[in-house]
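Give me the fold of what follows.
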Amino acid sequence: MSTRTAPHYRLIVALKPPTIITRQIDHFAETIAPDADRIRPAHQHITMGITDDWRDYPYTLVKALHRSFTTIMAEPFNLSLDQLSEGGRSTALRPGHALPPLKDLQRKIAVAMKRAGVGARLDWKFSPHQTLYYRDASPATQRISGFHWRVEDFVLICSHVGHTHHEMLGRWPLRGSDQYSLF
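Sure, this is the predicted structure:
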């Protein structure tokens, strides 16, 4: 008789690459590590904020985040993941240089999360990356031609921890200061 652990829920605010880019990233990951347990294309993302785990589904918090995220005004921007970074237990893609619009958006998301009544989990620090797979490796970094896309929105995801299920809860477009214009 198997026992299942009680479900836990984790909210993730993220940037999701377009579908064609996720397929390219998955192919790249398969090429460099064919035996690795890769992150599914549908689960690929860059974490911009993450909560602690919740034993019960956090309906009230999700509603508060929805309200708070509508106040974020940010310009769309180009993102390049052009650095392959291995070390510890994962391999990831990272931007090869600082991107002020990315950092600015993350700061606005953090403020909106606090306004909604939740901060980022205590052990989390913003370090923009997209994990390719988990596997022990010696630390190494190398430049690659990379993966590029225009970031035009961010999303809220509920991860059903331990069940490899991501539930999309909302998407907020980046339209800069004209975001709430009626015309």
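
Helix, strand or coil: sort out residue 123 for me.
coil (DSSP: H, G, I helix; E, B strand; the rest coil).

what's the distance between it and residue 50?
10 Å (Cβ to Cβ, to the nearest Å). (C-beta placed from N, C-alpha, C; glycine too.)

In terms of neighbours, single out the busier of those two.
With neighbours defined as other Cβ atoms under 10 Å, residue 123 and residue 50 compare such that residue 50 has more, 19 against 7.

So that one: helix, strand or coil?
Under three-state DSSP, residue 50 comes out as strand.

So it sits against residue 13, correct?
Yes: the pair residue 50 and residue 13 qualifies as a contact (Cβ atoms under 8 Å) at a distance of 7.3 Å.

tell me the contacts of residue 115?
Residue 115 is in contact with 68, 71, counting by Cβ atoms under 8 Å, 6 or more residues apart in numbering.

let me fix that: residue 77
Contacts of residue 77 by Cβ under 8 Å, 6+ apart are 99, 101-102, 105, 150-151, 174.

do the same with residue 152
Counted by Cβ under 8 Å, 6+ apart, residue 152 has contacts 76, 173-174.

Equivalent analysis for residue 49, please.
So residue 49 contacts 12-13, 106, 109-110, 113, 120 (Cβ under 8 Å, 6+ apart).

Who is it paired with across the strands?
With DSSP bridges as the criterion, residue 49 is bridged to residue 13.

pLDDT score for it?
Residue 49 carries a pLDDT value of 95.

Residue ranges in the protein under the pLDDT threshold?
Along the chain, the model assigns pLDDT under 70 to residues 1-7, 162-164, 177-183.

Can you check which strand is longest in it?
strand 130-151 (DSSP state E).
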